[in-house]
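*Asks:* I'd like to go over a predicted model; first the sequence, then the structure.
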Amino acid sequence: MDTIVSTYAFHHLTDEEKTKAISLYGELLKAGGKIVFADTMYQSSDADQKAIDEAVKAGFLSLAKDLQTEYYTTIPFLQRVLEDHNFKVHFVCCNDIVWIMEAEKL
């Protein structure tokens, strides 16, 4: 397999499930194969909480609830898991909460 692409779905998995999925992707992809995801993720847990606080302050209560109840993760966590599974990864920021992740199997 050459590429796995997803948008706004990976956040439905817990970090444990994300780790299992990345392991499986590593088995499915050939060397040079890529994972390309766009999803909500954060540079840190503090950034996660800041996004929730800002949504509440702006009166976007549905957004705040979503940010509190889904399994949004951090970039350092994903980077570590991907590197542990033999991927080279980089992230591109689209806005305050959405990032594109591209990981290449080594």
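*Replies:* All right, it came through fine. Residues are numbered from 1 along each chain as shown.

*Asks:* How are the strands of this protein distributed by residue range?
*Replies:* Under the criterion DSSP state E, the chain contains strands at 3-7, 34-42, 73-74, 87-93, 98-105.

*Asks:* So for this protein, the centremost residue is which one?
*Replies:* residue 41 (5.1 Å; CA atoms, centre = their mean).

*Asks:* rewinding a little: go through the strands of the chain and name the closest to residue 28.
*Replies:* Of all the strands of the chain, strand 3-7 sits nearest to residue 28, with 7.3 Å by CB to CB. Backbone N, C-alpha and C define where each C-beta goes, glycine included.

*Asks:* In the closest one, which residues are buried?
*Replies:* residue 4 (16 or more other CB atoms under 10 Å).

*Asks:* ok, residue 84 to residue 45 distance?
*Replies:* Taking CB to CB, to the nearest Å as the measure, residue 84 falls 20 Å from residue 45.

*Asks:* The closest residue to residue 106 other than its chain neighbours: neighbour count?
*Replies:* Setting aside the residues directly before and after it, residue 106 is nearest to residue 86 in space (CB to CB, 6 or more residues apart in numbering), at 5.0 Å. Neighbourhood size, residue 86 [other CB atoms under 10 Å]: 13.

*Asks:* same check, this time on residue 49
*Replies:* A count of nearby residues for residue 49, using other CB under 10 Å, gives 13.

*Asks:* For it, give me the pLDDT.
*Replies:* Residue 49 carries a pLDDT value of 95.

*Asks:* next one: the one 10 residues further on
*Replies:* With respect to pLDDT, residue 59 has a value of 98.
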